[in-house]
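# model this:
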Amino acid sequence: VQLQASGGGLVQAGGSLRLSCAASGRTFSTYALGWFRQAPGKEREFVATISWGGRRIEYADSIKGRFIISRDNAKNAVDLQMNSLKPEDTAVYYCAAGLWPNSVSQNYHYWGQGTLVTVSS
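Model (predicted):
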């Protein structure tokens with residue numbers, strides 16, 4: 001599975017962005033998909049994950065209620081709708097594919113290249 005994230009950019013605090021991750025590979029629909037982020041000088045952290053069928057979704061507490069993860073297996077895509085953005089959301093965002101939905105980055109086997117989100121105050 002190859003992943004490519006897009007949709008990052010510069011936005012003011014309180015604004016919204018929608019990240020997309022396009023995947024290639026016939027087995028895309030069998031993988032759980034996750035979003036992680038890494039801010040400058042910090043470790044990569046979990047943001048959200050969704051199971052292969054979309055029935056199981058988990059969010060990090062820091063973004064719960066503001067971000068929404070969704071997937072469209074017919075389009076081989078997973079999105080992250082980010083609302084009410086805060087300066088502390090500034091980071092490079094990565095999409096990843098793994099065998100089951102979880103918050104541990106080491107459990108994801110395939111990674112996209114990342115897309116930068118910058119939230120100005």
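# strands along this protein, start to end?
2-6, 9-12, 17-24, 32-38, 45-50, 57-59, 67-72, 77-82, 91-98, 108-111, 115-120 (DSSP state E).
# would you format those as CSV with mean pLDDT included?
Output for the strands of the chain, formatted as CSV (pLDDT from 0 to 100):
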stretch, mean pLDDT
strand 2-6, 95
strand 9-12, 98
strand 17-24, 95
strand 32-38, 97
strand 45-50, 98
strand 57-59, 98
strand 67-72, 96
strand 77-82, 97
strand 91-98, 97
strand 108-111, 95
strand 115-120, 98
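# beta partners for the residue nearest the centre of the chain?
The centre of the chain sits closest to Trp35, judged by C-alpha atoms, centre = their mean, with a distance of 2.5 Å. Counting by DSSP bridges, Trp35 forms beta bridges with Ala48, Cys95.
# so who does it touch?
Trp35 makes contact with Leu19, Cys21, Val47, Ala48, Thr49, Ile69, Val78, Leu80, Tyr93, Tyr94, Cys95, Ala96, according to C-beta atoms under 8 Å, 6 or more residues apart in numbering. Every residue, glycine included, has its C-beta placed from N, CA and C.
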